[in-house]
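Participant: Coordinates for the following, if possible.
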Amino acid sequence: MSFALDDIFGLTGRTALVTGSSRGIGAAIAQGLAGAGAHVFVHGQSAASATATRDAIRAAGGRAVAVGGNLAEAGAGKDLIDHCVKQADRLDILVINASAQINAPLADLTPNDLSFQIDVNLRATIEMLQTCLPQMAEHGWGRVVSIGSINQSGPKPIVTAYAATKAAQHNLIQSQAREYAQTGVVLNTLSPGLIDTDRNAHRKAEDPDAWDAYTKEANWMGRAGTPQDVVGAAIFLASDASTFMTGEVVTLSGGC
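Facilitator: Residues are numbered from 1 along each chain as shown. Next up, the predicted model:
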């Protein structure tokens, strides 16, 4: 038996939405999926904020559309899925990457801090799953990739609330993976460790030496990951390569 890599990992003819793909990990994943052949909806809080990633995809010969939506607002998750389906007739791949993270001890978080993280990380996820999963099942094929965090299983005190929402998010993925397991729709979580994105920019700028020391102790590889380090696993989980895998966690931590 021979295998063609394009048949296993290729995404030609598939339509994908990557939430929070205006920058960082989401932008890298959106470009990776487009490079594998998918037509990608690039999402930002506003469509204008997503145009740089969209333009980079188009410049590389890929297909992409910029879409906006504030996932902290009630109903925004449903509206976003409905918009993409209306534009493309169907949505094959959903990458839930947008997240809210406020670094502070639990005792210091305000009610607004808590609501913001819960709304973006949980309520919007529920809305998107409620809307896209029945449609994917109707077509007999679908992929949901939730971008989690190693904090969901080993939370640091500074991100207690964020870690709790990420653990709950994976619980949702596991629940729906079981419910849809016989429909051709699979759902998995991709959990990165320390990734060098703009979320860490202030730490690097404030004390570059401390950042360097921290990254060297963060994992066995002694470095922070890059957004590009996440792309291969994302393509795997979004493709036919993951056909017999659902409800699982793929951890990208540099070893820890």
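
Participant: Assign a three-state SS to T183, would you?
Facilitator: Here T183 is coil, with the state taken from DSSP: H, G, I helix; E, B strand; the rest coil.

Participant: And for the one 5 residues further on?
Facilitator: Following three-state DSSP, N188 is assigned to strand.

Participant: Is A16 within a helix or a strand, and which one?
Facilitator: Using DSSP states H and E, A16 sits within strand 15-18.

Participant: Can you name every helix or strand that that strand contacts?
Facilitator: Counting contacts by 3 or more Cβ pairs under 8 Å, 6 or more residues apart in numbering; DSSP states H and E, strand 15-18 is packed against helix 24-35, strand 39-44, helix 76-88, strand 93-96. Using the backbone N, CA and C atoms, a C-beta is placed for each residue, glycine as well.

Participant: So what touches the first one?
Facilitator: Read it as helix 24-35. Here helix 24-35 makes contact (Cβ atoms under 8 Å, 6 or more residues apart in numbering) with 11, 16, 18-21, 40, 42-43, 52-53, 56-57, 60, 62-64, 93, 95, 97-98, 147, 192, 195, 197-199, 226-228, 230-232, 234-235, 238.

Participant: Go again with 7 Å.
Facilitator: Here helix 24-35 makes contact (Cβ atoms under 7 Å, 6 or more residues apart in numbering) with 11, 16, 18-21, 40, 42, 53, 56-57, 60, 62-64, 93, 95, 97-98, 147, 192, 195, 197-198, 227-228, 230-231, 234-235, 238.

Participant: Tell me what angle it forms with strand 39-44.
Facilitator: Counting by axes from the mean of the first three to the mean of the last three Cα atoms, to 10 degrees, helix 24-35 lies at 160 degrees to strand 39-44.

Participant: C-alpha coordinates for helix 24-35, PDB please?
Facilitator: The C-alpha coordinates for helix 24-35 follow below in PDB (Å, rounded to 0.1, in the frame of the first residue of the first chain):
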ATOM      1  CA  GLY A  24       1.000  35.100  16.800                       C
ATOM      2  CA  ILE A  25       0.200  31.400  16.800                       C
ATOM      3  CA  GLY A  26      -3.200  31.900  15.000                       C
ATOM      4  CA  ALA A  27      -1.500  33.800  12.100                       C
ATOM      5  CA  ALA A  28       1.100  31.000  11.700                       C
ATOM      6  CA  ILE A  29      -1.600  28.300  11.700                       C
ATOM      7  CA  ALA A  30      -3.800  30.200   9.200                       C
ATOM      8  CA  GLN A  31      -0.800  30.500   6.800                       C
ATOM      9  CA  GLY A  32       0.000  26.900   7.300                       C
ATOM     10  CA  LEU A  33      -3.500  25.700   6.600                       C
ATOM     11  CA  ALA A  34      -3.600  27.900   3.500                       C
ATOM     12  CA  GLY A  35      -0.200  26.500   2.400                       C
END
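
Participant: in the sheet, who's paired with T189?
Facilitator: Per DSSP bridges, the residues bridged to T189 are S146, V249.

Participant: Tabulate the helices and strands packed on strand 15-18 (CSV), appending distance to R203 and mean pLDDT.
Facilitator: Formatted as CSV, those follow (distance: least, Cβ to Cβ, whole Å; pLDDT from 0 to 100):
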stretch, distance to R203, mean pLDDT
helix 24-35, 15, 98
strand 39-44, 23, 98
helix 76-88, 30, 98
strand 93-96, 25, 99
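
Participant: Before I go, just wanted to say thanks for your time.
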